[in-house]
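A.B. asks: Sequence isn't available, so here's the structure alone:
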């Protein structure tokens, strides 16, 4: 067998370095991956949506739609470039960002910009994109990859699927953008998306008066009763039943399930509900009450307004509920006075199921 001269050639491209073997006798190019096991072969290069973040800042004079747009692109630029920055100035007009290693290694990286008074756009006035510090390291996680950046990336997805879980957001973000985020960041990012679409939970309380007037104007026959603390003008409770629900209950079975559920929003609270049954054995919601807890006072408020809806119908209604403390005291103390129920109210205690039925 003749001797064959084999030369190893290093080919360095954009995707990294790879090694090839050249056989002189037949001038055949052989990839070294052909001689390696599957566990050691170079896999195909994967591209992420975050790859373009590194080109968001390019030169002095660059224009951005607003100062918020510049701040968002600045965060993404530093995440993709693998370094951290601090803001030496950050107000409604000027933004000046420098490398976080400036005081330690005297790094000269800096970007400065301001808002133009003519068109309210943001322009970069000075940009030094050269790092003189110890270097930049790109990791799968980044300290400044927070919920503000993640929100802009998942906004369209959350808009189509409000039931998206934080764990799903974490997994999708890693496979799409190549970065790992914590459960806390994913949860906050989703919350920011929801607030942008529907407003914050805090602002929604201040809009309850407008909501009541809007419902009564556009849905005649509805019942919306709002109570606030007279001294502090803080929200206490609200009772809501739409005209369609009131009219539709006339054609449902004369049965109402009454119970409360915990609120899962920032302010927690309790949701009291009266739900009927239709002829197809399906649930028919009649009324809701949003309050702080299942107290006797809140249940009394709920039943007073519920009685005002049911009395004109002239039907004997059977109520089914558990033996909640606030509900039980409310019914026992006020039924005989005719405050809560209709005159035909009766009590029946069912011991095996530990339920309270009255009708």
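C.D. replies: Great, that's in hand. Just so it is clear, the model here is predicted, and its values are computed rather than measured. Numbering: from 1, shown residues only.
A.B. asks: residue ranges with poor pLDDT in this structure?
C.D. replies: Counting by pLDDT under 70, the chain shows low-confidence ranges at 1-45, 135-137, 323-359.
A.B. asks: What is the subsequent helix or strand relative to the helix or strand where residue 307 lies?
C.D. replies: Using DSSP states H and E, residue 307 falls within helix 296-310. Taking DSSP H and E as the definition, the helix or strand that follows helix 296-310 towards the C-terminus is strand 318-322.
A.B. asks: and that following strand, how far out from the chain's middle?
C.D. replies: Strand 318-322 sits 36 Å away from the centroid of its parent chain (Cα atoms, centre = their mean, to the nearest Å).
A.B. asks: For the most centrally placed residue in the chain, which non-adjacent residue is closest in space?
C.D. replies: Nearest to the geometric centre of the chain sits residue 190, at 2.4 Å (Cα atoms, centre = their mean). Excluding the flanking residues, the one nearest residue 190 by Cβ to Cβ, 6 or more residues apart in numbering is residue 158, at 5.7 Å. Glycine gets a C-beta too; all of them are placed from N, C-alpha and C.
A.B. asks: mind listing the helices for the stretch 101-250 of the chain?
C.D. replies: According to DSSP state H, counting those that start in this stretch, the stretch 101-250 of the chain carries its helices in the segments 102-105, 147-160, 166-177, 183-198, 201-206, 208-218, 243-249.
A.B. asks: could those helices go into JSON lines alongside distance to residue 234?
C.D. replies: Shown next, in JSON lines, are the helices of the stretch 101-250 of the chain (distance: least, Cβ to Cβ, whole Å):
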{"stretch": "helix 102-105", "distance to residue 234": "47"}
{"stretch": "helix 147-160", "distance to residue 234": "29"}
{"stretch": "helix 166-177", "distance to residue 234": "31"}
{"stretch": "helix 183-198", "distance to residue 234": "21"}
{"stretch": "helix 201-206", "distance to residue 234": "9"}
{"stretch": "helix 208-218", "distance to residue 234": "11"}
{"stretch": "helix 243-249", "distance to residue 234": "28"}
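A.B. asks: Relative to residue 260, which of the ones you listed is closest?
C.D. replies: helix 243-249 (18.4 Å; Cβ to Cβ).
A.B. asks: how about the closest one: buried residues?
C.D. replies: For helix 243-249, a neighbour-count test (16 or more other Cβ atoms under 10 Å) marks 245, 246, 249 as buried.
A.B. asks: rewinding a little: list the residues that contact the residue nearest to residue 190.
C.D. replies: Residues near residue 158 by Cβ atoms under 8 Å, 6 or more residues apart in numbering: 164, 190, 193, 194.
A.B. asks: repeat for residue 254
C.D. replies: When contacts are counted by Cβ under 8 Å, 6+ apart, residue 254 touches 315, 316, 317, 318.
A.B. asks: pretty sure residue 87 is touching residue 94, no?
C.D. replies: No. Counting by Cβ atoms under 8 Å, residue 87 stays clear of residue 94, with 10.0 Å between them.
A.B. asks: ok so, going back, can you redo the contacts of residue 158 as a markdown table with distance to residue 129?
C.D. replies: Shown next, in a markdown table, are the contacts of residue 158 (distance: Cβ to Cβ, whole Å):
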| residue | distance to residue 129 |
| --- | --- |
| 164 | 36 |
| 190 | 34 |
| 193 | 32 |
| 194 | 36 |
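A.B. asks: Mind giving me the PyMOL select for the residues you listed, buried ones only?
C.D. replies: In PyMOL, this line selects whichever of the contacts of residue 158 come out buried by 16+ other Cβ under 10 Å:
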select buried, resi 164+190+193
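A.B. asks: closest to residue 225 among the contacts of residue 158?
C.D. replies: Among the contacts of residue 158, and counting by Cβ to Cβ, the member closest to residue 225 is residue 194, at 27.4 Å.
A.B. asks: Spatially nearest residue to residue 235 (excluding sequence neighbours)?
C.D. replies: Nearest non-adjacent residue to residue 235, counting by Cβ to Cβ, 6+ apart: residue 205, 5.1 Å away.
A.B. asks: what about the one you found, neighbour count?
C.D. replies: Residue 205 is flanked by 15 other residues according to other Cβ atoms under 10 Å.
A.B. asks: Equivalent analysis for residue 109, please.
C.D. replies: Neighbours around residue 109, by other Cβ under 10 Å: 22.
A.B. asks: contacting residues around it?
C.D. replies: 83, 85, 98, 99, 102, 128, 129, 130, 131, 132, 133.
A.B. asks: could you dump these to a markdown table with neighbour count?
C.D. replies: Formatted as a markdown table, those follow (neighbours: other Cβ atoms under 10 Å):
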| residue | neighbour count |
| --- | --- |
| 83 | 21 |
| 85 | 20 |
| 98 | 19 |
| 99 | 24 |
| 102 | 17 |
| 128 | 15 |
| 129 | 14 |
| 130 | 8 |
| 131 | 17 |
| 132 | 13 |
| 133 | 16 |
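A.B. asks: In JSON lines: these, plus distance to residue 261.
C.D. replies: Compiled in JSON lines, these are given as follows (distance: Cβ to Cβ, whole Å):
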{"residue": "83", "distance to residue 261": "48"}
{"residue": "85", "distance to residue 261": "46"}
{"residue": "98", "distance to residue 261": "51"}
{"residue": "99", "distance to residue 261": "52"}
{"residue": "102", "distance to residue 261": "54"}
{"residue": "128", "distance to residue 261": "57"}
{"residue": "129", "distance to residue 261": "55"}
{"residue": "130", "distance to residue 261": "59"}
{"residue": "131", "distance to residue 261": "55"}
{"residue": "132", "distance to residue 261": "60"}
{"residue": "133", "distance to residue 261": "55"}
